[in-house]
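1. I need the structure of the sequence given here:
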Amino acid sequence: MDLIPLFPLNLVLFPGGQLPLRIFEPRYTDLVSECLRTDSGFGVCLIKNGFETGGGAQCFDVGTYAKIVDWSKLEDGLLGITAVAGERFRVKHFSERSNGLLEGRIQWLTQEPKVAEIEQKYHSLQLLLSQIFEHYDIECEDKDNLLQDADWLTYRLTEMLPLDLQSKQILLEMDDSQQRLSHLQQMINETNITQLAN
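-> Numbers count the residues shown, from 1 in each chain. Got it, this is the predicted structure:
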């Protein structure tokens, strides 16, 4: 099992997603320096109890690995980074460094095989995501092909829809693509979300 630094946040990060962050706590400045120096990443976990700042946060044990792809000094003097999410993992043991940085000994979660074809009953999800991209003028290279990828479809929709964090965490923790699609469709039906904006 690998040992990685963790960044507890009040968000759920999905594979393939982008994460912009403003860094101001010394422990996270240390984390960024370490990641840039060693060309490594960090884990993002949803906070179960506690706060993003000040330490002592308790996290859900399933999270997502992220690597920094860009960084800069912001106008307010803080460090700004952009990270891109990769694989999911499960934390088997949490610990804390002397500087207050949380770390976890993790087990990588097996990448589920790609679904060859998205069933007709889920085409409404493809249409919904296409409408969101068009409404907000979001550029996406190879979007038509990506819309056929069940994982990409559910991850991007779940990021953008106004679902609560617990619901998003449930979807992140699912290992089966079809189960995730089905559960997301059920959530949308139950909350009567048919489009993000009129």
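2. Now do the domain split for the protein, please.
-> Listed by automatic domain parsing, the domain ranges of the chain are 2-108, 120-191.
3. Lowest average pLDDT across the ones you listed?
-> Taking each of these in turn, the lowest mean pLDDT turns up on domain 120-191, with a mean of 92.
4. and it, how far apart are its ends?
-> The first and last residues of domain 120-191 sit 21 Å apart, counting by C-alpha to C-alpha, to the nearest Å.
5. again with stretch 70-82
-> According to C-alpha to C-alpha, stretch 70-82 extends 5 Å from its N-terminal end residue to its C-terminal end residue.
6. Tabulate the domains of the chain (CSV), appending mean neighbour count.
-> C-beta: built from backbone N, CA, C; applies to glycine. Output for the domains of the chain, formatted as CSV (neighbours: other C-beta atoms under 10 Å):
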stretch, mean neighbour count
domain 2-108, 16
domain 120-191, 16
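7. Next, find the distance separating Phe14 from Gly100.
-> Phe14 sits 27 Å away from Gly100, taking C-beta to C-beta, to the nearest Å as the criterion.
8. Check which helices and strands the strand or helix carrying Met187 sits against.
-> Secondary structure assignment for Met187, by DSSP states H and E: helix 177-191. In terms of contacts (3 or more C-beta pairs under 8 Å, 6 or more residues apart in numbering; DSSP states H and E), helix 177-191 is packed against helix 123-135, helix 150-160, helix 165-173.
9. Report the angle between it and helix 150-160.
-> Following axes from the mean of the first three to the mean of the last three C-alpha atoms, to 10 degrees, one obtains 30 degrees for the angle between helix 177-191 and helix 150-160.
10. contacting residues around Asn189?
-> Remark: with contacts taken as C-beta atoms under 8 Å, 6 or more residues apart in numbering, Asn189 is in contact with nothing.
11. just to revisit the earlier point, what's the angle from the helix holding Met187 to helix 123-135?
-> Between helix 177-191 and helix 123-135, the angle comes out at 70 degrees (the same axes, to 10 degrees).
12. how about the strands of the protein, start to end?
-> Counting by DSSP state E, the chain has these strands, from start to end: 2-9, 18-23, 42-49, 58-59, 62-73, 79-96, 102-108.
13. Serialize those strands to CSV and add fields for distance to Glu34.
-> CSV is the format used below for the strands of the chain (distance: least, C-beta to C-beta, whole Å):
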stretch, distance to Glu34
strand 2-9, 7
strand 18-23, 12
strand 42-49, 8
strand 58-59, 19
strand 62-73, 10
strand 79-96, 13
strand 102-108, 11
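14. distance of the closest residue in space to Gln148 that isn't next to it in sequence from Glu141?
-> Once its chain neighbours are removed from consideration, Gln148 has its nearest residue in Ile118; the separation is 6.1 Å (C-beta to C-beta, 6 or more residues apart in numbering). In this structure, Ile118 and Glu141 are separated by 20 Å, where distance is defined by C-beta to C-beta.
15. repeat for Leu109
-> Applying C-beta to C-beta, one obtains 27 Å for the distance of Leu109 from Glu141.
16. same check, this time on Ala85
-> With distances taken as C-beta to C-beta, Ala85 is found 17 Å from Glu141.
17. Sounds good, over and out.
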